[in-house]
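Student: Pasted the sequence and its predicted model underneath.
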Amino acid sequence: MYRSHDCGSLRASDVNKEVTLAGWVQKSRDKGFMVWVDLRDRYGVTQLIFDEERTDKALLERAQKLGREFVIQVKGTVIERESKNAKMSTGDVEILVKELTILSESKTPPFTIEDNTDGGEELRMKYRYLDIRRNPVRENLIFRSKVAMEVRNFLAGKDFIEVETPVLIKSTPEGARDFVVPSRMNEGQFYALPQSPQTFKQLLMVGGMDKYFQIVKCFRDEDLRADRQPEFTQIDCEMSFVEQEDVLNIFEDMTRHLLKKVKNIDVADFPRMTYEDAMKKYGNDKPDIRFGMEFGELDAFAFAKAS
């Protein structure tokens, strides 16, 4: 292993331990006689220290040449920091480095790898692998992973089975155009990418699978919308021998489960609204009720004025 600990795990209780860390150089501060380096991985940041009194001269000189996003491995001793940083989970300690190995050098990144970066969206998309190193992007990926795991845990506990359905299929008439994939083996013919797994979940129900789900990609060649892009993911489910109330209860329970497990938020009963009420009050079948802004009935005033 390249490391004995990750960069977010060391605490005051680890003082005097000999450790090995590996990660990316977040930033370096060179005072001439002393160098501090913030070493980062997906778990956190640990400060490294090199100084003239306790560090070999050649090692100190190598530390002074470290640049941002260099990938390094260090071995050293955990010591207590003189100036603690309460904003860091590892802020009570630092590593007095004894060995330094540069695993990969890096050119200066085109934008800073910080929460509030100086890089615009277009630049960050061009260098997406660098953008992923920033906390907001990494946390979003971890959050998405947790949600997917909890969806699977909940539905498995309700006797659902996950079935992977084909991606290369026959074109089906739905709301948008299909994306098509040419077939080399069948010249002049094409596969379509599924707009949704609807056809297959119906086959599964007819086949007696009873309860099915998958977290699945859908592909629709249509104009972009605020909540839609050509490739998106949905939680696809189907149940046999159930009524409307059964479906509502399952997915209300799943939503409660996700909010509790992922965000530690408790939710009681969900308010329900009929389609007729939604259209009458908001003119939309999926209204955002956070803002109120219900339609007002003016018929009585209009009729009175006309008469």
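Tutor: Here it is on my side, so go on.
Student: mind listing what the residue most central in space within the chain touches?
Tutor: Centroid-nearest residue in the chain, with Cα atoms, centre = their mean: L141, separated by 1.8 Å. Applying Cβ atoms under 8 Å, 6 or more residues apart in numbering, we find L141 in contact with I132. (C-beta placed from N, C-alpha, C; glycine too.)
Student: On the pLDDT front, check it for me.
Tutor: According to the prediction, L141 has pLDDT 96.
Student: The helix or strand encompassing it: what's the following helix or strand?
Tutor: In this assignment (DSSP states H and E), L141 forms part of helix 135-157. Using DSSP H and E, the next helix or strand after helix 135-157 towards the C-terminus is strand 161-162.
Student: Name the strands paired with the helix or strand immediately after that following strand in the chain and say parallel or antiparallel.
Tutor: As assigned by DSSP H and E, the chain's next helix or strand after strand 161-162 is strand 180-182. Strands adjacent to strand 180-182 in the sheet, as given by DSSP bridges, are strand 190-192 (antiparallel).
Student: and the partner strand, how far from the chain's centre?
Tutor: 31 Å (Cα atoms, centre = their mean, to the nearest Å).
Student: Same question for that strand: list its buried residues.
Tutor: Neighbour counts over strand 190-192 (16 or more other Cβ atoms under 10 Å) mark Y191, A192 as buried.
Student: what comes into contact with that strand?
Tutor: L168, I169, K170, S171, T172, D178, F179, V180, V181, P182, S183.
Student: Go ahead and list the helix or strand containing C218.
Tutor: Applying DSSP H and E as the criterion places C218 in strand 211-219.
Student: hey, C-alpha coordinates of the helix or strand just after that strand in CSV?
Tutor: For strand 211-219, the following helix or strand on the C-terminal side (DSSP H and E) is strand 231-239. Output of strand 231-239 as CSV, limited to C-alpha atoms (Å, rounded to 0.1, in the frame of the first residue of the first chain):
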residue,chain,number,x,y,z
GLU,A,231,-28.9,11.3,-21.1
PHE,A,232,-30.4,11.1,-17.6
THR,A,233,-30.9,8.6,-14.9
GLN,A,234,-34.2,7.5,-13.3
ILE,A,235,-35.3,5.1,-10.6
ASP,A,236,-37.5,2.7,-12.6
CYS,A,237,-40.0,0.5,-10.6
GLU,A,238,-42.9,-1.8,-11.3
MET,A,239,-45.2,-3.8,-9.1
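Student: same for strand 231-239, what does it pack against?
Tutor: helix 198-206, strand 211-219, helix 244-263 (3 or more Cβ pairs under 8 Å, 6 or more residues apart in numbering; DSSP states H and E).
Student: so how far is the second one off the chain centroid?
Tutor: By that I understand strand 211-219. Distance, centroid of strand 211-219 to centroid of chain: 18 Å (Cα atoms, centre = their mean).
Student: Mind listing what's buried along it?
Tutor: Per 16+ other Cβ under 10 Å, strand 211-219 contains these buried residues: K211, Y212, F213, Q214, V216, C218, F219.
Student: ok, now the longest one?
Tutor: Neighbour-count burial for helix 244-263, with 16+ other Cβ under 10 Å as criterion, is recorded at I250, M254, R256, H257, L258, K261.
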